[in-house]
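K.L.:
how would this look folded up:
(one chain, ligands or ions: 1)
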Amino acid sequence: MNTSDLVNLRRPALWFVCGSQHLYGPEPLAQVAEHARIIAAALDGSPDIALKVVSKGVMTTSEEIRALALAANADPDCAGLMLWMHTFSPSKMWIGGMVSLHKPFVHLHTQFDRELPWDSIDMDYMNLNQSAHGDRETGSLHTRMRLERKVVVGHWSDPEVQTRLGVWARAAWAWSDWQGAKIARFGDNMRNVGITEGDKVSAELKLGYSVNTFAVGDLASRMEAVPEGEIDALIGAYLHEYEVAPELLPGAARHDSLRSGARLEAGMRAFLQEGGFVAFTDTFEDLHGLRQLPGLATQRLMQEGYGFGGEGDWKAAALVRAMKVMACGLPGGASFMEDYTYHLEPGNHLVLGSHMLEVCPSIAATKPRLEVHPLGIGGKEDPVRLVFDARLGHAVNASLIDLGSRFRLIVNEVESVEHPALPKLPVARSVWKCSPDFKTACAAWIHAGGAHHTGYSYAVTVEHLEDFAAMAGIELAVIGEGTQLRSFREGLRLNDLYYLLAQGLRA
Ligand code: MN
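P.N.:
Numbering: from 1, shown residues only. Presented below is the predicted three-dimensional model:
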């Protein structure tokens, strides 16, 4: 499936903004503008940067800069700004604009020429190529204002520089997608569960998306209205895309279960499309009017780009959506996940990650099998589901939690590994090793308050999530290579103080 075409996803642009001043006269400024245009065009053409990069010219007055910030705020197709000071651009000129700016920005600390012309360098050259100190002037203002930003250092043609800008661009894309996004909940969260709760008002204030509940009965009605022809078409797609269990084939004993699953899928898709949602939750405790817990339907909707959280977990649903946007077009996929069961063999501690049904086929290593089995909870008909092993390799497992006064994003770097066959386990799954090691990772996760529900991806990296957390202004706790429990816990305690003092009484 072409994941570059996620449902309800717009592809915004990034604005490349160069800073200077009038001190230098028109000729050098024309050169500055030309250089900025060349760099913006190179970044625009970089295969590492998934969004369009548009040159916004050279800023030389505070009025221009403020107007630019207001225009960026007002443009839904602007995901963020890339700032670079070719010459010295006095930072007091930038105060009004930076106070007004509500879009993420990256500070690119670069220089137009890669190498010094040792033989010919003169004072004119020095006066034109001043990023080395011009960017320090602007950075000092950003720091004084306590503005969160990424600083990328190096020549603009350097592949490492373009890769890091590309990572930031994907985070900005996901952040832009969250602003004004709508998340639908079918039913509340699973009774008495704490971690899936959270403050939806704080989430909308801080993170930009809204979460609202919709009656399961309305969803059931939408499903009943799906015409038989649409169900036939979906059955055809299933036969084409999956290894379908013989009992589910047309004419076989349990084909009705498959038609029922297809009706769920078509009805949910219609409901979500008509409402303009980007993510949803459901719960097996509230399925009034539905014949099965949506398994296959949820898996296929996730693959199309919808975020999903089980048992009413809207924070997980939003995070899965964001990770899908960050992973858009990259190999590897992203899914809702749950740390389910452990293998505690000495020297080989493993996590079996899965869910009751809802793991996204974008992370599948092999062609999924379409099967039907009893669920054991929920008291409904046996649900159809896709069963597969996830691919092997490096992945991140991430959890967004509500600490009551603020949000925290917890990330563990993991490695999905080979495992024995699981002939009796009829759900999609991944088996992974935690970094730095199982005991440290699990203790750190539990101290950080990480949930059992996560977003899991082979395409998203810690750096994507680091940039994303910075844009959101939330804490990031990374568990990976080099993590030591004692200093990790000290970091959590310091962050409690930092965020209390930095954000005060604001949600
Ligand atoms: Mn769960």
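K.L.:
select the longest strand from this structure.
P.N.:
Among the segments of the chain that qualify as a strand by DSSP state E, the longest is strand 334-345.
K.L.:
do the helix or strand just after it and the ion meet?
P.N.:
Counting by DSSP states H and E, the next helix or strand C-terminal to strand 334-345 is strand 348-354. No: Strand 348-354 is not in contact with the ion by Cβ under 5 Å from the ion; minimum separation 9.6 Å. C-beta here means a position set from N, CA and C on the backbone, and glycine is covered the same way.
K.L.:
average pLDDT for strand 348-354, rounded please.
P.N.:
Mean pLDDT, strand 348-354: 98.
K.L.:
and for stretch 443-451?
P.N.:
98.
K.L.:
give me the contacts around it.
P.N.:
With contact meaning Cβ atoms under 8 Å, 6 or more residues apart in numbering, stretch 443-451 is reached by 195-196, 313, 315-316, 399-401, 403, 408, 410, 412, 477, 479, 483, 485, 488-489, 492.
K.L.:
repeat that for stretch 211-221.
P.N.:
182-188, 200, 203-204, 267-268, 271, 275, 286-290, 314, 318.
K.L.:
what's the answer for stretch 99-109, then?
P.N.:
The contact list for stretch 99-109, computed with Cβ under 8 Å, 6+ apart, reads 66, 69-70, 72-73, 78-84, 131, 135, 138-139, 142, 145, 147-154, 156, 161, 165, 168, 171-172, 175, 470-471.
K.L.:
that's a helix at residue 259, yeah?
P.N.:
Yes: assessed by DSSP: H, G, I helix; E, B strand; the rest coil, residue 259 belongs to a helix.
K.L.:
so how far is the ion from it?
P.N.:
Distance of residue 259 to the ion, given as Cβ to the ion, to the nearest Å: 27 Å.
K.L.:
OK, contacts around that residue?
P.N.:
By Cβ under 8 Å, 6+ apart, the contact set of residue 259 is 231, 235.
K.L.:
give me phi/psi at the nearest residue to residue 404 once chain neighbours are set aside?
P.N.:
In space, and not counting its chain neighbours, residue 404 is closest to residue 199: 7.9 Å by Cβ to Cβ, 6 or more residues apart in numbering. Backbone torsions of residue 199, given as degrees, to the nearest 10, read phi -90, psi 100.
K.L.:
these two touch, right, residue 199 and residue 401?
P.N.:
No: Residue 199 is beyond contact range of residue 401, at 11.4 Å (criterion: Cβ atoms under 8 Å).
K.L.:
which of these two has more residues huddled nearby?
P.N.:
Shown here are residue 199 and residue 401; by other Cβ atoms under 10 Å, residue 401 has more neighbours (23 against 15).
K.L.:
re earlier: select only the buried ones of the contacts of stretch 99-109 in ChimeraX?
P.N.:
The ChimeraX selection below is limited to those of the contacts of stretch 99-109 classed as buried (16 or more other Cβ atoms under 10 Å):
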select :66,69,72,78,79,80,81,82,83,84,131,135,138,139,142,147,149,150,152,154,156,161,165,168,171,172,175,470,471
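K.L.:
which among the contacts of stretch 211-221 end up buried?
P.N.:
The buried subset of the contacts of stretch 211-221 (16+ other Cβ under 10 Å) comprises 182-187, 200, 203-204, 267-268, 271, 286-287, 290, 314, 318.
K.L.:
helix, strand, or coil at residue 46?
P.N.:
Here residue 46 is recorded as coil under three-state DSSP.
K.L.:
closest residue of the stretch 151-300 of the chain to the ion?
P.N.:
residue 190 (7.5 Å; Cβ to the ion).
K.L.:
try the chain
P.N.:
Closest point on the chain to the ion, by Cβ to the ion, is residue 310, at 4.2 Å.
K.L.:
next, find the distance separating that residue from residue 327.
P.N.:
Distance from residue 310 to residue 327, counting by Cβ to Cβ, to the nearest Å: 20 Å.
K.L.:
residues near residue 47, how many?
P.N.:
8.
K.L.:
now do the shared contacts for residue 199 and residue 401.
P.N.:
Listed contacts common to residue 199 and residue 401 are nil; contacts here mean Cβ under 8 Å, 6+ apart.
K.L.:
now do the contacts for the nearest residue to residue 313 once chain neighbours are set aside.
P.N.:
Among residues not flanking residue 313 along the chain, residue 196 sits closest, at 4.2 Å (Cβ to Cβ, 6+ apart). The neighbours of residue 196, taking Cβ under 8 Å, 6+ apart as the test, are 189-190, 309, 311-313, 315-316, 451, 453.
K.L.:
among those, name the ones in helices.
P.N.:
Counting by DSSP state H, those place 315-316 in helices.
K.L.:
leaving out the residues flanking it, which one is nearest to residue 73?
P.N.:
residue 102 is the one closest to residue 73 (Cβ to Cβ, 6+ apart), at 4.9 Å.
K.L.:
helix/strand/coil for that neighbour?
P.N.:
Residue 102 ends up coil, using three-state DSSP.
K.L.:
any idea how many residues pack against it?
P.N.:
Count around residue 102 with other Cβ under 10 Å applied: 10.
K.L.:
same check on residue 448?
P.N.:
Counted with other Cβ under 10 Å, residue 448 comes out at 24.
K.L.:
can you tell me how far it is from residue 349?
P.N.:
Residue 448 is 19 Å from residue 349, by Cβ to Cβ.
K.L.:
for residue 400, same thing?
P.N.:
As defined by Cβ to Cβ, residue 400 lies at a distance of 25 Å from residue 349.
K.L.:
which one's more surrounded, the two?
P.N.:
residue 400 (28 against 16).
K.L.:
which helix or strand contains the more buried one?
P.N.:
Using DSSP H and E, residue 400 maps to strand 393-402.
K.L.:
could you check how far the nearest residue in space to residue 343 that is not next to it in sequence is from residue 429?
P.N.:
Nearest residue to residue 343, sequence neighbours excluded (Cβ to Cβ, 6+ apart): residue 350, at 4.0 Å. Look at residue 350 and residue 429: by Cβ to Cβ, they are 11 Å apart.
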